[in-house]
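*Asks:* Sequence plus predicted model, see below.
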Amino acid sequence: MTVEEMRALEANADYFGVSYGELMENAGRKAAESIIALFKKCSVLVVCGTGNNGGDGFVTARYLENAGYRVTVILLGRVGSVKTGPALVNLEIARGMNMPVIEADTAVKIPKEAFLNCDLIVDAVLGTGFSGIPREPALTAIRCMNESPIRKVSLDIPSGLDAHTGEGEEHVDADLVITFYAPKKGLDRYKVEVADIGIPGKAFTHTGPGSLVGLKSRGDFMEKGGGGRVLIIGGGPYTGAPALAAMAAYRAGAEIVTVAAPKRAAGIIASFSPDLIVRPLSDSQIIGEEDVEQLKSLISRHHAVVIGMGLGKEPGIATAIAKILPACKKVVIDADALQAGMPLKGIITPNAHEFARISGNDMKPDDQAAQEKVREFSKEKGVVTVWKGRPAVISDGVDFKVNSTGNPAMNVGGTGDVLAGIIGAFYCRNDAYKAACAAAFVSGAAGDMAYDDKGIGLVATDVIHWLPYVIKKYRPK
């Protein structure tokens, strides 16, 4: 399992009711149980860093001490440098017991004799978040462990090993690795025991804050345009739909959003907000084949395209769309662009009626078999599908996620356009499945915040208002 996948599971576990503190408690308890089963009562040295891996070590030390082992803890830092949260809480619990806790914030303060005067060493210095070369005092502690003939047990991953690559210049040569939930990269060279730490089932099957782990957006780039450029192609009979998609894309982190719309709609859309860049097309009423070349030029200057909202179903629109789609490298197909026989690619966002139209599968919004049906359709068409049922299902044809955020008050015009805009913004800098899962969670969570604020009277613009707050709340720092 990759570092990002594990972080996502932990974030989802916390969201679905098993907190980071409980995961740490379970990890330390399971590690202690494994040690107790393998090693008779003896003198144990637990070497802890100041992060969450150290927190696992503090819990392990406590359980071993309570089981009658003679435990000494070396903290590679000062108490005040330990990560705030469950790691610090568990250090304070350990300090309240009789076991000695030695603070060693520099290499010279590490008691090297302790690595020889014990029967077992537990390595809880650096976890899966580590990369690069260990810094002091961790480096000296790793060397002391490796120079000692005493048996060594590492928690989750040997300190100094980079879980992103499975390599490391200097890392603990562990006799046993007790890893949590699943093996990590690079552990194939060790004796490994996998410990279940109580991650709930929904953490695997549902979207959640974990869907935002690793999500790239505007704040991750220094250069202009780093947040991505989104092109919205929509409007005609309806003008609000493309405007809502565009404003949602901005609030989800896109840096530049352009709306291409028929002339009549373009003027109205531009009047909604000075933030919008609007490009009028040739015809005053609908998009047509004569607009294809202009649209291809616009498409080439944007990272992602969102097409379909408010276009209408006049003859000739489908023909124009079919000629536009091949020019799109990343495209979100929504609403009126989801026509029977239309070539599909990228991400599609059908509701139950639209899904029936393009697939011939007449699913009800609460279809109990939706997960498998959506997955089969996505595999057949080679697309990522965001099926807007109750609950929503997202699939890339291999995996699927269920989205449980959102509420019945969101059954109001425009919320689907908002979702499409969010997907477009995320799609600029992320792969299709990642963008779709994250957008589904964020859209529904913003709708839940809007419901708390407005009740059943919420409208699509209320959902847009709450988007930055959801992303700020749930996106990992």
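*Replies:* Structure received.
*Asks:* going forward, measure contacts and count neighbours with C-alpha atoms only.
*Replies:* Will do.
*Asks:* now the chain, which segments are flagged as low pLDDT?
*Replies:* 222, 224-225 (pLDDT under 70).
*Asks:* the domain parsing of it - what is it?
*Replies:* Here the domain parsing of the chain from automatic domain parsing is 3-205, 209-474.
*Asks:* Give me the buried positions along stretch 31-46.
*Replies:* 31-33, 35-36, 41, 43-46 (16 or more other Cα atoms under 10 Å).
*Asks:* What of stretch 361-380?
*Replies:* Buried, per 16+ other Cα under 10 Å, within stretch 361-380: 363-365, 370-371, 373-379.
*Asks:* and of those residues, the nearest to Ala261?
*Replies:* Nearest to Ala261 out of the buried residues of stretch 361-380 is Ser378 (Cα to Cα; 29.1 Å).
*Asks:* just checking, Leu344 touches Glu380?
*Replies:* No - the criterion here is Cα atoms under 8 Å, and Leu344 misses it with Glu380 at 10.7 Å.
*Asks:* mind checking the longest helix of the protein?
*Replies:* The residue-count maximum for a helix in the chain (DSSP state H) belongs to helix 432-454.
*Asks:* How far does it sit from its chain's centre?
*Replies:* Counting by Cα atoms, centre = their mean, to the nearest Å, helix 432-454 is centred 13 Å from the centre of its parent chain.
*Asks:* What is that helix packed up against?
*Replies:* The contact analysis (3 or more Cα pairs under 8 Å, 6 or more residues apart in numbering; DSSP states H and E) places helix 432-454 against strand 384-387, strand 392-395, strand 400-403, helix 415-427, helix 460-474.
*Asks:* on that earlier part again, could you export the buried residues of stretch 361-380 as JSON lines, including secondary structure and distance to Gly447?
*Replies:* JSON lines is the format used below for the buried residues of stretch 361-380 (DSSP: H, G, I helix; E, B strand; the rest coil; distance: Cα to Cα, whole Å):
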{"residue": "Met363", "secondary structure": "coil", "distance to Gly447": "24"}
{"residue": "Lys364", "secondary structure": "coil", "distance to Gly447": "22"}
{"residue": "Pro365", "secondary structure": "coil", "distance to Gly447": "18"}
{"residue": "Ala370", "secondary structure": "helix", "distance to Gly447": "22"}
{"residue": "Gln371", "secondary structure": "helix", "distance to Gly447": "23"}
{"residue": "Lys373", "secondary structure": "helix", "distance to Gly447": "26"}
{"residue": "Val374", "secondary structure": "helix", "distance to Gly447": "24"}
{"residue": "Arg375", "secondary structure": "helix", "distance to Gly447": "26"}
{"residue": "Glu376", "secondary structure": "helix", "distance to Gly447": "29"}
{"residue": "Phe377", "secondary structure": "helix", "distance to Gly447": "28"}
{"residue": "Ser378", "secondary structure": "helix", "distance to Gly447": "26"}
{"residue": "Lys379", "secondary structure": "helix", "distance to Gly447": "30"}
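*Asks:* ok, so of these, who is nearest Glu255?
*Replies:* Nearest to Glu255 out of the buried residues of stretch 361-380 is Ser378 (Cα to Cα; 29.6 Å).
*Asks:* Show me the strands paired with the one helix or strand Val73 maps to, marking each as parallel or antiparallel.
*Replies:* In this assignment (DSSP states H and E), Val73 forms part of strand 70-75. The pairing partners recorded for strand 70-75 under DSSP bridges are strand 43-48 (parallel), strand 101-103 (parallel).
*Asks:* Show me what it is in contact with.
*Replies:* Around strand 70-75, the neighbours that count as contacts under Cα atoms under 8 Å, 6 or more residues apart in numbering are 41-50, 58, 61, 64-65, 99-105, 110.
*Asks:* in whatever helix or strand comes next after it, what's buried?
*Replies:* Downstream of strand 70-75, the first helix or strand assigned by DSSP H and E is helix 86-95. Buried residues in helix 86-95, counted by 16+ other Cα under 10 Å: 86-91, 94-95.
*Asks:* gap between the two ends of stretch 112-120?
*Replies:* Taking Cα to Cα, to the nearest Å, the first and last residues of stretch 112-120 lie 14 Å apart.
*Asks:* Which residues does that stretch contact?
*Replies:* 42-45, 121, 144-145, 148-153.
*Asks:* Among those, name the ones in helices.
*Replies:* With DSSP H as the criterion, helices contain 144-145 from among the contacts of stretch 112-120.
*Asks:* just the contacts of stretch 112-120 now: which is nearest Val412?
*Replies:* Lowest distance from Val412 to these (Cα to Cα) belongs to Val153, with 56.4 Å.
*Asks:* Please spell out which residues along stretch 218-227 are buried.
*Replies:* 218, 226-227.
*Asks:* Let's have these in a markdown table, adding distance to Thr405 and secondary structure.
*Replies:* Putting the buried residues of stretch 218-227 into a markdown table (distance: Cα to Cα, whole Å; DSSP: H, G, I helix; E, B strand; the rest coil) gives the following:
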| residue | distance to Thr405 | secondary structure |
| --- | --- | --- |
| Arg218 | 24 | helix |
| Gly226 | 29 | coil |
| Gly227 | 25 | coil |
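*Asks:* ok so, going back, now the common contact residues for Leu344 and Glu380.
*Replies:* Contacts common to Leu344 and Glu380, judged by Cα under 8 Å, 6+ apart, are absent.
*Asks:* Out of the strands paired with strand 70-75, flag the one nearest Asn26.
*Replies:* Going by Cα to Cα, the one of the strands paired with strand 70-75 nearest Asn26 is strand 43-48, 17.1 Å.
*Asks:* Tell me how far the closest one lies from the chain's centre.
*Replies:* 34 Å.
*Asks:* do stretch 330-346 as well
*Replies:* The chain centroid and the centroid of stretch 330-346 are separated by 26 Å, computed with Cα atoms, centre = their mean.
*Asks:* try stretch 283-291
*Replies:* For stretch 283-291, the distance to the chain centre is 39 Å (Cα atoms, centre = their mean).
*Asks:* list the contacts for Tyr63?
*Replies:* Counting by Cα under 8 Å, 6+ apart, Tyr63 touches 28-29, 32.
*Asks:* could you redo those as JSON lines and give each row distance to Ile358?
*Replies:* What follows is those, written out as JSON lines (distance: Cα to Cα, whole Å):
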{"residue": "Gly28", "distance to Ile358": "51"}
{"residue": "Arg29", "distance to Ile358": "52"}
{"residue": "Ala32", "distance to Ile358": "55"}
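*Asks:* Closest to Leu139 out of the residues you listed?
*Replies:* Nearest to Leu139 among those: Gly28, at 23.3 Å, using Cα to Cα.
*Asks:* so what's that closest one up against?
*Replies:* Per Cα under 8 Å, 6+ apart, neighbours of Gly28: 56-61, 63.
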